[in-house]
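J.: next one to model:
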Amino acid sequence: MSEEMLPTMIRELAAKRRELVPETMSAWREFSQAVFRDGALPSVTKQLIAVAVAHTTQCPYCIKGHTKEALRQGASQEQIMEAIWVAAEMRAGGAYAHSAVALDVMLEHEHGAE
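T.: The predicted structure follows:
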């Protein structure tokens, strides 16, 4: 990704985001903290899930932030890479699963339906 497309999140940008809608920013922060708190799943597992999801959504900020946090919480590099491979399989799996739509159209075409 080009720096021109995705600027580095600097303090000034973060401050502007807070300044424009402070209540929403506060709610977002509280929600995020609640989501990643230890619960039925330990926080490190939640960070590994976030790394995988960030790869499927292709958010470079999320990939970087959640990878750093997963490492900080004790995830191994191997665990992080396995989570990324799970994301890759799931993303590819979507294309495989949705091929049924195209196959259905092809079968209709073979049988003369429009």
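
J.: can you name every helix or strand that the longest helix seen in the chain contacts?
T.: Looking only at the chain and at elements set by DSSP state H, the helix with the highest residue count is helix 77-110. In this structure, helix 77-110 makes packing contacts with helix 43-57, helix 60-72, judged by 3 or more C-beta pairs under 8 Å, 6 or more residues apart in numbering; DSSP states H and E. Every residue, glycine included, has its C-beta placed from N, CA and C.

J.: nearest to Ala102, of these?
T.: For the helices and strands packed on helix 77-110, proximity to Ala102 was assessed by C-beta to C-beta; helix 43-57 is nearest, at 21.5 Å.

J.: burial of Ala70, as a residue count?
T.: A count of neighbours around Ala70, defined by other C-beta atoms under 10 Å, yields 24.

J.: can you pull the phi/psi pair for Gln73?
T.: phi -90, psi 0 (degrees, to the nearest 10).

J.: any idea how far Val53 is from it?
T.: In this view, Gln73 and Val53 are 16 Å apart by C-beta to C-beta, to the nearest Å.

J.: including mean pLDDT and distance to Glu82, could the helices and strands packed on helix 77-110 go into CSV?
T.: Converted to CSV, these look like this (pLDDT from 0 to 100; distance: least, C-beta to C-beta, whole Å):
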stretch, mean pLDDT, distance to Glu82
helix 43-57, 97, 8
helix 60-72, 96, 11
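
J.: so which of the ones you listed is the most packed in?
T.: Taking mean count of other C-beta atoms under 10 Å as the contact definition, the stretch among the helices and strands packed on helix 77-110 with the greatest mean neighbour count is helix 43-57, which reaches a mean of 20.

J.: name the residues that touch it?
T.: For helix 43-57, the surrounding residues in contact (C-beta atoms under 8 Å, 6 or more residues apart in numbering) are 35-37, 41, 62-63, 66-67, 69-70, 73-75, 79-80, 83-84, 86-88, 90-91.
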